[in-house]
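Student: Got a predicted model here, sequence first, then my questions.
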Amino acid sequence: GENVGLHLPTLSVQEGDNSIINCAYSNSASDYFIWYKQESGKGPQFIIDIRSNMDKRQGQRVTVLLNKTVKHLSLQIAATQPGDSAVYFCAEIPHLAAGNKLTFGGGTRVLVKP
Amino acid sequence: DTEVTQTPKHLVMGMTNKKSLKCEQHMGHRAMYWYKQKAKKPPELMFVYSYEKLSINESVPSRFSPECPNSSLLNLHLHALQPEDSALYLCASSQGTVSGANVLTFGAGSRLTVL
């Protein structure tokens, strides 16, 4: 998702359904990508990461897909639960060898409906 | 201990005040970070310390002054701030910065209001 003015893009999903959150990045040379989850009143929390030499990585209930051709990253959450309601940020590190300059994308708010 | 602890949680200050934000971690991490986050926006990198030395300064105004007294502590000294500096200030730490992929662990943030 992209940040649009003062409003975060919002994804409403029914509890138990799968969620897909999208992120476009601009730097084709980025080495490393991370998805973070931020709940209200808390700092960002690591969900899953992926290096640029991979196109898919799976965790517990989450899958990250990387399409370097179109510079697109997505996060899939299986069987979405109320506790998944949060803002999700993709983040990238342009060049690992240049230090941890982690840069965040715009964020997408996920609202889980009971 | 797998946490990054930030104090205070909330801070209200006037434009002529001098205050400090504090951050502490006991995970043995050697890199520490300050990010600024405005409402409904992503966190923006301000400073990176690697092995207690400032390695990245993202052209932050001098009214923000970071300090890393030791590998577990990171401070952000504030002086003569402007109302537009009101934001959530996030501290993070990671094992290192240049050895490869390093996941940042974030604190809950210090919410700053400048009157």
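Tutor: It's in. Note that the structure is predicted; figures quoted are calculated from it, not measured. Numbers count the residues shown, from 1 in each chain, chains lettered A, B, ... in the order given.
Student: tally of neighbours for the closest residue to A:Ala24 other than its chain neighbours?
Tutor: Distances taken as CB to CB, 6 or more residues apart in numbering or on different chains put A:His72 closest to A:Ala24, at 5.7 Å, once the chain neighbours are dropped. In this view, the C-beta of every residue, glycine as well, is placed from N, C-alpha and C. The burial count assigned to A:His72 is 14, neighbours taken as other CB atoms under 10 Å in any protein chain shown.
Student: I'd guessed A:His72 sits against A:Cys23; true?
Tutor: Yes. With contacts defined as CB atoms under 8 Å, A:His72 counts as touching A:Cys23 at a distance of 7.2 Å.
Student: quick check, the lowest-mean-pLDDT helix or strand in chain A touching chain B?
Tutor: Per-element confidence for chain A was summarised using mean pLDDT, DSSP states H and E. The lowest value among helices and strands belongs to strand A:103-104, with a mean of 92. Yes. Residues of strand A:103-104 are located near chain B by CB under 8 Å from any CB of the partner chain, namely A:Thr103, A:Phe104.
Student: Pull out the buried residues from the following helix or strand past that strand.
Tutor: Under the assignment DSSP states H and E, the closest C-terminal helix or strand after strand A:103-104 is strand A:108-113. When burial is assessed from 16 or more other CB atoms under 10 Å in any protein chain shown, strand A:108-113 yields the following buried residues: A:Thr108, A:Arg109, A:Val110, A:Val112.
Student: Against chain B, how distant is the second one?
Tutor: From A:Arg109 across to chain B, the span is 9 Å (CB to the nearest CB, to the nearest Å).
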